[in-house]
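**Student:** below is the structure, and that's it, no one-letter string:
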C-alpha cells in the first residue's frame, strides 16, 4: 500500500470553534510529509486525530488501511504500537532517568532480558547523541536534550510512522540543526514514514518530500517544497515570507477599535 | 423561570456525563488483568499511599486516643464506672472514629496527592504520551493507584484504632490510675469481632473506595493548568470528606441501626 495515512473528509470542532472542514490529505510511505500552518490553526489537533486521541465530528482517518476513528480501544492501542509521536514539550517522565524514560515502552511491551534491553536503549540514545546523559534525570535536561530523549523514546518500539509536533519550537540554531539531521537520518535509516507539523517554514522545506499548507480550516496548498516556494497564492506568500500584512489578519476578529474605545 | 429550568437541565446532563466518565474510569480500573508487573505497581502504591501516611495516622491516633481517654475518664468517674473506660475507648474507635478520622486524614493526605499527581501528569502530557506509546494510562496509572489506596486505607484505620486505644490506656491506666487488668479485660469482654472489628473494616474499605475514586476522577479530568489542578485538589478533599461523613451515617444505620 502506497499511503500509510489517509485523512478523508475530516470535520472537527471544539465547542463552538470549527477547526477543520472537509480536510483531506494522504501521507506516502517512506516520505517526510510536512504540514505547515500558522499557530492556532489546529496542527497539533490534527496529529491527535491521526493518533486517535481525538475523535472527528465527521470523516475518517485511516492508518495502513484501518480506520483509527472507528477502531475499538484495544485495536487502537495495537495501531499505536506502530506510531510514535514527539510531543512539543517532550512529555518525559520527570522522576525517571533518561535511560528509564527510553526503556519505558520496551519494558511495557516486551519481555526482553535486562542485557538486551540495555543494549537497545543505549543504541537509541546513541542515535540521538545522548548516550552520555543516560544517568541524568529528565528534569536535568535542557529543552533541546529533552526533545532528543523524547525522540529516542518515541522510536524505541521501531514505529512505522513518526509524528513530530513543532520539533523546532524554542530551539537554538545548533539544536535545530541537530534535530533536522536526526529527523532526516532516522527517516532514512529506520525506513520510517514521518509527519512533521511546524510553522518553521525554512527548516521544514529543507527536509520534507511533500508539503501541505493548512489555513482557513482546510488545505490551501500542497506539493513538493519547490512547488510550494513558487506558489503564487497571496496567503502562501505571506506565510512563507513571514509578512505582517496580507490576507491572514494580524488582529483576532474584533469590532471597530474607535467604537470600542468610545463605548468604554 | 425558563432559564432556571434550562440551567437545571444543563446541570443534570453535566452531572450524568461526569458520573458516566467516572464510572467508565472505575470499570477500567476494576477489570485490569492482574500480572506480576501490575502487582508490583500496586505494592508501590500501597507504600506511597499507606506507608507514607503512617506518621500522620500514628500521631493523630495517639492524640485522639489520649483525649478520648481523658474526656471519658472525667465523665465515667462521676458514676464510678471508670473501669468501663477501655470499652468506651475501644468501641468508639473501632466503630466510628477509627474509620472516619482515618478516612478524613487519608482524603487530605493521600487523596489530594493522588489528584495533584495525576492532574500534573495530564497537564504535562505524560498521560497523552503514554497513550501514544500504546500504554493505557487507565491500566498503568489509575488502576494501581485505585487498588493501592483501597488496600492501604483499612490497614491504616486499624492501625489508627490500635494506637488510639493504647493512647487511651496511657491516660486511663498510667496517668489516672485505673486498674490495668480491669481496663483491658472489660474491653476484651465487650468488643465483638463481627460487630466491631469486621464492620469497622467494611466501613473503612467503603470509605477508601470512595476517596480514591473521587481523587483519581478529579485528577484524570482536571483542567490542564495550575488553577485547574488546584481546583481539582480542593474538590477532592471537600467532596471525599463530605461523602465519607454521609456514607458513615448510612452505613451506621445498616450496621447498628
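**Tutor:** Happy to help now that I have it. Quantities reported herein were computed from a predicted structural model and do not represent experimental measurements.
**Student:** hmm, who's touching stretch B:142-154?
**Tutor:** Applying CB atoms under 8 Å, 6 or more residues apart in numbering or on different chains, the set of residues contacting stretch B:142-154 from outside is B:25-26, B:28-30, B:32, B:38, B:41-46, B:48-51, B:53, B:102-103, B:106, B:110, B:114, B:118, B:201, B:204-205, B:207-209, B:211-213, B:215-216, B:220. For every residue, glycine as well, the C-beta is placed using N, CA and C.
**Student:** just those residues: which are in helices?
**Tutor:** Taking DSSP state H, the ones among those that sit in helices are B:25-26, B:28-30, B:38, B:41-45, B:102-103, B:106, B:114, B:118, B:201, B:204-205, B:207-209, B:211-213, B:215-216, B:220.
**Student:** just the buried members of these?
**Tutor:** Neighbour counting by 16 or more other CB atoms under 10 Å in any protein chain shown classes B:25-26, B:28-29, B:38, B:41-42, B:45, B:102-103, B:106, B:114, B:118, B:201, B:204-205, B:207-209, B:211-213, B:215-216, B:220 among these as buried.
**Student:** run through the residues of the stretch 151-264 of chain A sitting next to chain B.
**Tutor:** A:153, A:154, A:157 (CB under 8 Å from any CB of the partner chain).
**Student:** just the buried ones among the ones in helices among the contacts of stretch B:142-154 that are near chain A?
**Tutor:** Of the entries in those, not a single one is placed beside chain A under the rule of CB under 8 Å from any CB.
**Student:** can you pull the residues of the stretch 1-150 of chain B lying near chain A?
**Tutor:** Contact residues, the stretch 1-150 of chain B versus chain A (CB under 8 Å from any CB): B:124, B:125, B:126, B:128, B:129, B:131, B:132, B:133, B:134, B:135, B:136, B:140.
**Student:** repeat the analysis, applying 6 Å as the threshold.
**Tutor:** Where proximity means CB under 6 Å from any CB of the partner chain, the interface of the stretch 1-150 of chain B facing chain A comprises B:125, B:126, B:129, B:132, B:133, B:134, B:135.
**Student:** does the fourth one really touch residue A:85, like I thought?
**Tutor:** Yes. A contact is recorded between residue B:132 and residue A:85 when judged using CB atoms under 6 Å, the distance being 4.3 Å.
**Student:** shared neighbours, the two?
**Tutor:** Applying CB atoms under 6 Å, 6 or more residues apart in numbering or on different chains, one finds that residue B:132 and residue A:85 are jointly contacted by residue A:51.
**Student:** quick one: the helices in the stretch 101-250 of chain A?
**Tutor:** Here the stretch 101-250 of chain A has its helices, by DSSP state H, counting those that start in this stretch, at A:114-127, A:143-154, A:173-189, A:201-207, A:225-229, A:234-241.
**Student:** per-residue pLDDT, residue 123?
**Tutor:** You didn't say which chain, so I picked chain A. With respect to pLDDT, residue A:123 scores 92.
**Student:** my question was about chain B
**Tutor:** Residue B:123 is assigned a predicted lDDT (pLDDT) of 94.
**Student:** let me know the secondary structure of the spatially closest residue to it that is not a sequence neighbour.
**Tutor:** Distance criterion CB to CB, 6 or more residues apart in numbering or on different chains; nearest residue to residue B:123, sequence neighbours excluded, is residue B:224 at 3.9 Å. At residue B:224 the chain is in coil, as set by DSSP: H, G, I helix; E, B strand; the rest coil.
**Student:** for the closest residue in space to residue B:212 that isn't next to it in sequence, grab phi and psi.
**Tutor:** Across the structure, with CB to CB, 6+ apart as the measure, the residue nearest residue B:212 apart from its sequence neighbours is residue B:149 (3.5 Å). When quoted as degrees, to the nearest 10, the phi and psi of residue B:149 stand at phi -70, psi -40.
**Student:** how does chain A divide into domains?
**Tutor:** Described in terms of automatic domain parsing, the domain architecture of chain A consists of the residue ranges A:3-82+A:160-263, A:91-158.
**Student:** of the residues of the stretch 151-264 of chain A next to chain B, select the buried ones using a PyMOL command.
**Tutor:** Buried members of these, identified by 16+ other CB under 10 Å, are gathered into one PyMOL selection as follows:
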select buried, chain A and resi 153+154+157
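**Student:** and the domains of chain A as JSON lines, adding distance to residue B:96?
**Tutor:** As requested, those are arranged in JSON lines below (distance: least, CB to CB, whole Å):
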{"stretch": "domain A:3-82+A:160-263", "distance to residue B:96": "42"}
{"stretch": "domain A:91-158", "distance to residue B:96": "38"}
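**Student:** weakest of the ones you listed by average pLDDT?
**Tutor:** Among those, domain A:3-82+A:160-263 carries the lowest mean pLDDT, a mean of 86.
**Student:** and residue A:206, how many neighbours?
**Tutor:** The burial count assigned to residue A:206 is 12, neighbours taken as other CB atoms under 10 Å in any protein chain shown.
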